[in-house]
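Participant: A predicted structure for the sequence below; I have some questions about it.
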Amino acid sequence: MARATKIIRNFYRDSVSLMQLSSTITKLPGVEQASAIMASPNNVALLVEAGLLAEPVEADANDLLIALQGNAEALESALAAAESALKQPSPSSTGNEQSRGMSPRSIEMGLGNFVGANLVLISTPGEYAAAEAFKALSLGLNVMLFSDNVALKDEILLKRFAQERDLIVMGPDCGTAIINGIPLAFANVVRRGVVGVVGASGTGLQQVTCLVDRWGGGISQAIGTGGHDLHRDVGGISMLQGLKALAADPSTSVIVLISKPPSPEVAGKVLEAASGAGKAVVINFLGADPDRVRRENIYPAATLEDAAAAAVALANGRTPEARRARVTSLSIAPLAPQQRYIRGLYSGGTFCYEASLLLKKELGQINSNTPVEPEDRLSDVWTSRKHTVIDLGDDLFTRGRPHPMIDHRLRNERLIKEANDPEVAVILLDVVLGYGSHPDPAAEMVPVIQKARDLASKAGRHLAIMGFVCGTAADPQNLSKQETAFQEVGVTLAESNAQAVRMAASVVRKPDVVGGRL
Amino acid sequence: MPIVRFQALSIGVEVTPNSFNGTVHSVFRQACNVSLEPGTLLTLLPCQKGNVPHGIRLDTSSHSIFLHALRVGQPVACRGGILRIDGTDFSVDLRPAHPWHIDLKGFHIDLCRPTHAQSWAVAWSELKLHHYKSGMSENLGAFFLLEGRPATPAVSKILLQQGAYTIPSLLQTTCRLQLREAMISVKSLIGLGYGLTPSGDDFLVGYLAGLWCTVGVNLSRMQFLMALGSELSQVSQNTNEISCTYLRSASKGHVSESIAKLAQRLNQANNMNSIRAATQAALQVGHTSGSDGVLGLLLGCLAWQGLPPHLIFSDLLRLSVLCDSTAQP
């Protein structure tokens, strides 16, 4: 297998664009693996670790590096194709800046071009992101920090600095937000409405906002906080700032908070602020005991789906009812006796975590690379064991590769591997639509799903494939087209992750009735 | 009165070109300052002058245009991108102008990197050479003045002498992120010297520029620098309004084009001739402003390195001694 690299000096593209470019190049004939990155020391080290580079290259963070692996004869044309794609105007270089003949070279210049702007989205290599965020905050701007790999001490400093100025830092590693109806980074096109959401989880935000939209509600604002915000040392500063903003927002009447369970002291602060918000607040601390969350005006929700349902009910002036776990009536072909296990292959980290929580209650031990209990951690993340759910967006899988919401290759490979395992009864999938995600996930996944089913069938097994599509009718991928494509190859779709998980559990929990209607 | 309608070529980052009111603050042969609010000035400049953060460069190279057309105290108003001066036909169309900004905060000069260290050394040599030559020229000052060519002055003597203790201390306290102690040095430098922009102020403008260029991605340093800038802005009212404007801009990382371009070349660190040229250009500004500013910039770049103060002190002392030894009797 040959390698090829190309360094383009003093050339910048943000990480989402580069992930999409990497995904495009990877699909070219003869290319096995491809990555386009800004050549910061950390990024270069990751490519060395991923085997795309034999050794570090002479480049720095101002340079764009393309690294390929594949057939020698294919790599030259692939590099040319990548360069050609990069020569297309950057999506960001439009509008006012062009009309003034000069692209902004700093946040201050950008602010000059967009007078009244109050939010900056920062997507640079992590080691530079905190400094840019600090500059933005000092200019009185709120910050959405898409970048990850920001040190915890810097996150704390940034958030305290922001709080003192009544600003908010969304992130680091904040992949999703919807501000004033505008989806930012990985987010969906949702109806506007009265439900405001603050979440420490990107896919959690996407699930809740999409379900609110699906059930007739709308979103005022969706504010991401980054996954570390409710860490004891950070203190939930951004969640508290977001909550404060939504409490003061006249267009928000219901607030939803989403997070893994925070430390007790942070939870106390958040609950106290929520109960004093003067508005109904639905709280989904994934896996937390609802009775510890319940307060006046606070409605605990066990799942993301429950949170969305409660928010819609409250927005319509109804009291949220305790939702019964819904399991759609299933008609599936008989399973072989040895088919006993679920394999969840997730692109969304929170979906994976929620699946682990729900399945653990129903089935006991659930192995994972991001387990609920440390003892359930997979020793080898590349090989499933019994019931397993995998977060393929975890850093372990994305070193030198695009995120699985953009590039389905890794999940497709794993899907085939699981299909060949005679012990597998159900494969569980999430499909995430919206801006930032792959433009047509069904086109990438359906042929592989068909192949997986064929492989199982040839081995005399029926493979149940279940999942859900997290998206809205207004998303660029066309929700109904995507759902239809999956259903046509026999994928059983639920409305939400929780429903899909329960369906999967019902299949393996009742082997005596497999083959009939559950 | 002639009709004087200009177009703006470039507008500094600190100018809000849409709507404002002010009065003519001061008029010079090649600049007119407009007072916008206490302590805030806007400067109109002919095209041959370099950009400044609070400046608007006009499409004229005409000398004395301001002296002929404008008087101190005239009301100034800007509406819809047209600046007019009351009672005159003087107007400036700001709409076609390009924004001007060199973002020092985006630079990452790191003197631990050999290329940056070499670049810094080249600029430092130019400064010392200039100082030496200027010192020599002071002896010949009468000759040059007779010839109608004023001698180019070197780094201000008062800065070198009175700052010889203060400046090393400022560098040391900066490196240690000791805000209160750093401000003691700053306060003793503000307003030090003479002229429209006293030497101490020019030095501090350069010094802040040097700090911004080298602060990199270290948030503790950045936080210190913002606090230093904020406190410095507060005490900048102890100097004159023109100098105060430059100091307040520098506290936000905005400096004049000559210093910013030198910083840019130091950051690029890829062409020693261009660094020499940029240093020389910066040194030529004003009476001693250029050299004081360059001294500040280069020492600002050094600050985070934590060099022992005696090294800085001895180099400053050498410059000072040179100043004395070549001074006119």
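Facilitator: Looks like it arrived, so ask away.

Participant: Nearest to chain B: which residue in the stretch 351-500 of chain A?
Facilitator: residue A:395 (21.0 Å; Cβ to the nearest Cβ). (Glycine included, C-beta is placed from N, CA and C.)

Participant: Phi first, then psi, for that residue.
Facilitator: Geometry field for residue A:395 lists phi and psi as phi -50, psi -30, criterion degrees, to the nearest 10.

Participant: and it, how many residues sit next to it?
Facilitator: Neighbour count of residue A:395, defined by other Cβ atoms under 10 Å in any protein chain shown: 11.

Participant: do the one 4 residues further on as well
Facilitator: Here the count is done by other Cβ under 10 Å, and residue A:399 has 17 residues near it.

Participant: okay, now the residue of chain B found nearest chain A: neighbour count?
Facilitator: Per Cβ to the nearest Cβ, residue B:103 is where chain B lies closest to chain A, at 3.5 Å. Residue B:103 is flanked by 19 other residues according to other Cβ under 10 Å.

Participant: Which is the succeeding secondary structure element to the helix or strand of chain B with the lowest mean pLDDT?
Facilitator: Lowest on mean pLDDT, DSSP states H and E among the helices and strands of chain B sits helix B:141-146, with a mean of 35. Counting by DSSP states H and E, the next helix or strand C-terminal to helix B:141-146 is helix B:157-175.

Participant: Chain neighbours aside, what residue packs nearest to the residue of chain B closest to chain A?
Facilitator: Nearest residue to residue B:103 in three dimensions, chain neighbours excluded: residue A:106, at 3.5 Å (Cβ to Cβ, 6 or more residues apart in numbering or on different chains).

Participant: Quick check: the one you found vs residue B:30, distance?
Facilitator: Taking Cβ to Cβ, to the nearest Å as the measure, residue A:106 falls 28 Å from residue B:30.

Participant: Which of the two has more residues huddled nearby?
Facilitator: Comparing residue A:106 with residue B:30 by other Cβ under 10 Å, the one with more neighbours is residue A:106, at 19 against 16.

Participant: didn't the more buried one look like it was pressed against residue B:107?
Facilitator: No: using Cβ atoms under 8 Å, residue A:106 is not in contact with residue B:107, being 10.7 Å away.

Participant: And the helices in the stretch 301-450 of chain A?
Facilitator: Shown for the stretch 301-450 of chain A, the helices assigned by DSSP state H, counting those that start in this stretch span residues A:304-315, A:349-363, A:395-398, A:409-419, A:441-458.

Participant: quick one: buried residues of the fourth one?
Facilitator: Applying a neighbour-count criterion of 16 or more other Cβ atoms under 10 Å in any protein chain shown, one finds A:409-412, A:414-415, A:417-419 buried in helix A:409-419.

Participant: thinking again about what came up before, let me see the contact set for the residue nearest to residue B:103.
Facilitator: B:101, B:103, B:105-106 (Cβ atoms under 8 Å, 6 or more residues apart in numbering or on different chains).

Participant: What values do phi and psi take at it?
Facilitator: Residue torsions, per degrees, to the nearest 10, at residue A:106 are phi -150, psi 170.

Participant: just the residues of chain A that are near chain B, which are they?
Facilitator: A:100-102, A:105-106, A:108-109, A:112-113, A:115, A:127-128, A:130-131, A:134-135, A:138, A:154, A:157-158, A:161 (Cβ under 8 Å from any Cβ of the partner chain).

Participant: go with 7 Å
Facilitator: A:101-102, A:105-106, A:108-109, A:112, A:127-128, A:130-131, A:134-135, A:138, A:154, A:157 (Cβ under 7 Å from any Cβ of the partner chain).

Participant: So for those, which is the shakiest by pLDDT?
Facilitator: In terms of pLDDT, the lowest of those is residue A:101, showing 51.

Participant: per-domain residue ranges of chain A.
Facilitator: Following automatic domain parsing, one finds the domains of chain A at A:2-87, A:107-315, A:341-513.

Participant: State the mean pLDDT of the last one.
Facilitator: Here domain A:341-513 scores 94 as its mean pLDDT.

Participant: hang on, isn't residue A:131 packed against residue B:217?
Facilitator: Yes: counting by Cβ atoms under 7 Å, residue A:131 touches residue B:217, with 4.0 Å between them.

Participant: These two - which one has more neighbours?
Facilitator: residue A:131 (24 against 18).

Participant: can you pull the contacts of that one?
Facilitator: Taking Cβ atoms under 7 Å, 6 or more residues apart in numbering or on different chains, we find residue A:131 in contact with B:217, B:219, B:222.

Participant: same thing but 8 Å
Facilitator: By Cβ under 8 Å, 6+ apart, the contact set of residue A:131 is B:105, B:215-219, B:222.

Participant: Repeat that for residue A:45.
Facilitator: Counting by Cβ under 8 Å, 6+ apart, residue A:45 makes contact with residue A:56.

Participant: so it is in which element?
Facilitator: In this assignment (DSSP H and E), residue A:45 forms part of helix A:41-50.

Participant: Flag every buried residue along that helix.
Facilitator: Neighbour-count burial for helix A:41-50, counted by 16+ other Cβ under 10 Å, picks out A:43-44, A:46-48, A:50.

Participant: out of the residues you listed, who's nearest chain B?
Facilitator: Of the buried residues of helix A:41-50, the one sitting nearest to chain B (Cβ to the nearest Cβ) turns out to be residue A:43, at 14.8 Å.
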